[in-house]
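*Asks:* Below are the sequence and a predicted model for it; my questions follow.
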Amino acid sequence: MSKMKFGIREVVAIGIGTALFIVLSYVSIPFGVIPNTSIQTRMALLAFFSAIYGPIVGGSVGFLGHAIADAFQYGGVWWSWVVSDAIFGIIVGLFVSKFLIEQGGFKKKQILLFNVIQVISNAIAWVVVAPILDILIYAEPANKVFVQGATSLISNSITVGVIGTLLAYAYSKVKAGSSSLSKED
């Protein structure tokens with residue numbers, strides 16, 4: 001698990017991550033047959049920020065990014081899904097020290113772990129939390145929300161598995177290449 005730290009770097013990461021999350025909310029591919037469900041590229045970004053900066057940043061970017069994006073796009077906030085994005089970011093972020101992205105060590109073992117964690121996190125967020133909150137908060141029909149949740153689990157897992165893994169791998173390579181740089185006094 002990760003060591004919790006919070007400073008200027010994390011505040012900046014929350015701001016940048018949230019802004020990018022909002023922008024990427026406009027880049028989605030809707031599933032025609034399943035209402036209010038689409039392939040979301042922003043999930044790859046959320047996983048990436050969570051895996052680099054940890055659970056506080058991941059949860060904050062997921063919560064703030066989704067809430068603000070909903071308010072801009074729809075004029076209201078669908079809180080059950082906002083909470084689910086936050087939970088996804090928190091869970092992925094808890095394993096930040098295992099991914100070794102910042103250290104330039106995001107290799108096969110870490111890639112596998114990242115993808116196992118992101119699939120489990122997606123399952124918790126979208127097959128458990130979102131449908132239950134949809135039923136409790138909005139009195140949505142169970143069959144509808146569990147189908148939406150399962151669809152989100154699959155599409156988010158694929159999106160994060162491809163785009164999120166590529167982002168983390170490329171960033172880790174850059175970090176590994178810059179490890180010879182030192183801070184001047």
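*Replies:* On my side now, so go ahead. From a predicted model like this one, the values you see are computed outputs, not experimental measurements.
*Asks:* So the spatially most central residue of the chain, which state does it fall into?
*Replies:* Averaging the C-alpha coordinates of the chain gives a centre point, and the residue nearest to it by C-alpha atoms, centre = their mean is residue 46 (2.9 Å). Per DSSP: H, G, I helix; E, B strand; the rest coil, the secondary structure class of residue 46 is helix.
*Asks:* how close does it sit to residue 40?
*Replies:* As judged by C-beta to C-beta, to the nearest Å, residue 46 and residue 40 stand 9 Å apart. The C-beta positions use only the backbone N, C-alpha and C, and glycine is treated the same way.
*Asks:* List the buried residues for stretch 154-168?
*Replies:* Residues 155-157, 159-161, 163-165, 167-168 are the ones in stretch 154-168 that count as buried (16 or more other C-beta atoms under 10 Å).
*Asks:* any idea which of these is closest to residue 101?
*Replies:* Taking C-beta to C-beta as the measure, residue 101 sits nearest to residue 168 out of these, at 5.2 Å.
*Asks:* in its sheet, what does the lowest-mean-pLDDT helix or strand in the chain sit against?
*Replies:* Taking mean pLDDT, DSSP states H and E as the measure, the helix or strand of the chain with the lowest value is strand 28-30, at a mean of 81. In the sheet, strand 28-30 lines up against strand 38-40 (antiparallel) (DSSP bridges).
*Asks:* Sounds good, over and out.
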